[in-house]
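1. need coordinates for the below:
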Amino acid sequence: MTFPGRKKNRRNFSNKLLSAALFIIIAAILFVTQGDTQPAPSDKLQFHAIDAGQGDSFLFIFPDNKTILVDAGTTDQGAVISNYLKQRGVRTIDLLIATHGHADHIGGMKEILSDFHVGKVWDSGFNHGSSIQKNFYMTIKKNNIPFGRPKRGYSEKFSGAEIEVLAPREEFIRGTASDTNNNSLVFILRYGKVAFLMTGDMETAERNSISPLPQAAILKAAHHGSRNGTTLAMLQDVSPRLVILSYAHDNSYGFPHKEVVRALKKSGTGRMDTADGSIVIETDGKSFSYPQDRLVDNR
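-> Numbers count the residues shown, from 1 in each chain. Have a look, this model is predicted:
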């Protein structure tokens with residue numbers, strides 16, 4: 001015996017079942033797709049010294065996925081740096097720092113500001129006067145991104161870390177061979193007991209204006225390994241366990257200068273170069289780890 005509507009009810013039930021299955025499949029796809037764009041969960045802070053050719057670019061990824069990007073290399077490296085960030089799941093840059101206005105540090109900013117949501121920007125505040133710097137400022141203003149020029153003495157808590165600005169001072173340094181370099185935004189980021197000293201292209205005049213420098217486990221060598229950036233006296237002040245040099249092989253400046261290599265050898269400090277590829281350091285705030293095979297022999 002059949003009842004009226006039995007086949008219709010079965011058909012409705014099958015359609016509902018099919019719709020539910022399709023919903024589950026679509027949701028799963030969306031979950032996987034979105035998961036691919038999220039940084040992998042970690043209980044450690046990651047520091048990436050990015051191979052930006054003859055330029056600087058450094059990325060901090062915190063355990064809560066907050067990010068800081070320091071500089072963005074030359075104009076032709078903008079896409080390279082952007083892709084590097086995307087491959088590591090970065091979608092938002094919470095703090096973007098331009099250490100100074102030279103093209104090998106802010107040339108790639110156009111690409112970064114276009115490809116990522118940026119929470120706020122810090123800048124040294126020293127006007128280099130180049131079209132690249134002018135366009136950088138105009139883009140920040142056009143997009144209504146909060147903008148600051150922190151000076152020596154300013155500090156801020158950031159995702160379990162503390163950032164202390166060491167330079168520039170309130171009064172800019174003038175009359176040097178490179179006032180732009182000597183007014184770099186220099187800061188130390190402390191995460192637990194592990195500190196990163198980020199020096200931009202600081203030269204002798206700026207270093208002397210903020211001496212003595214604080215101790216830090218990881219030091220970003222000033223001015224790509226230039227003799228006027230990192231000295232033995234500076235290494236003795238900071239007492240780093242590891243120094244990062246950012247430069248390109250066969251660059252026209254001769255970086256790193258032999259005086260810096262000798263100072264590193266004499267101090268016994270470990271060294272890694274972005275010329276050999278990007279570097280990733282991880283820390284839980286107590287100790288830090290890095291690829292041992294990337295250490296350079298200071299000969």
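2. need the contact list for residue 275.
-> 51, 245, 247, 248, 249 (Cβ atoms under 8 Å, 6 or more residues apart in numbering). Every residue, glycine included, has its C-beta placed from N, CA and C.
3. quick check, pLDDT for the residue lying closest to it once chain neighbours are set aside.
-> Leaving aside its chain neighbours, residue 275 sits nearest to residue 249 (4.7 Å; criterion: Cβ to Cβ, 6 or more residues apart in numbering). Per-residue pLDDT puts residue 249 at 94.
4. relative to residue 187, how far out is residue 249?
-> 28 Å (Cβ to Cβ, to the nearest Å).
5. the two: who's more crowded?
-> residue 187 (24 against 10; other Cβ atoms under 10 Å).
6. doesn't that one belong to a helix?
-> No: with DSSP: H, G, I helix; E, B strand; the rest coil as the criterion, residue 187 is strand rather than part of a helix.
7. so what pairs up with it in the strands?
-> residue 165, residue 198 (DSSP bridges).
8. isn't it up against residue 165?
-> Yes: here residue 187 reaches residue 165: they are 4.9 Å apart, a contact under Cβ atoms under 8 Å.
9. which SSE is residue 163 in?
-> For residue 163, the host element (DSSP states H and E) is strand 161-167.
10. who's in contact with that strand?
-> 45, 62, 150-157, 183-191, 202, 206, 209-210, 213-214.
11. now, of those residues, which are buried?
-> 45, 62, 150-151, 183-191, 202, 206, 209, 213 (16 or more other Cβ atoms under 10 Å).
12. and residue 45, backbone torsions?
-> Backbone dihedrals for residue 45, given as degrees, to the nearest 10, come out at phi -80, psi 130.
13. which secondary structure element of this structure has the lowest mean pLDDT?
-> One helix or strand of the chain scores below all others by mean pLDDT, DSSP states H and E: helix 6-36, with a mean of 47.
14. and stretch 209-227, what's buried?
-> Buried, per 16+ other Cβ under 10 Å, within stretch 209-227: 209, 213, 216-227.
15. burial of residue 182, as a residue count?
-> Using other Cβ under 10 Å: residue 182 sits among 27 other residues.
16. part of a helix, is it?
-> Yes: looking at residue 182 with three-state DSSP, it is inside a helix.
17. so it versus residue 203, what's the distance?
-> 5 Å.
18. where do the contact lists of those two overlap?
-> residue 176.
19. quick one: pLDDT of residue 129?
-> Reported pLDDT for residue 129: 91.
20. let me see the contact set for the residue nearest to it when sequence neighbours are not counted.
-> Closest residue to residue 129 apart from its sequence neighbours, by Cβ to Cβ, 6+ apart: residue 101 at 7.9 Å. Counting by Cβ under 8 Å, 6+ apart, residue 101 touches 124, 126, 127, 128, 129, 130, 132, 133, 136, 180.
21. what subset of the residues you listed is buried?
-> 124, 126, 128, 132, 133, 136, 180.
22. tell me the one of those residues nearest residue 291?
-> Relative to residue 291, the closest of those is residue 124; by Cβ to Cβ it sits at 31.2 Å.
23. separation between the closest residue to the closest one other than its chain neighbours and residue 43?
-> In space, residue 124 comes closest to residue 185 once its chain neighbours are excluded; the distance is 4.2 Å by Cβ to Cβ, 6+ apart. Relative to residue 43, residue 185 is positioned 29 Å away (Cβ to Cβ).
24. mind giving me the packing neighbours of the strand or helix carrying residue 244?
-> In this structure, residue 244 sits in strand 242-245 according to DSSP H and E. Applying 3 or more Cβ pairs under 8 Å, 6 or more residues apart in numbering; DSSP states H and E, we find strand 242-245 packed against strand 218-220, strand 270-273.
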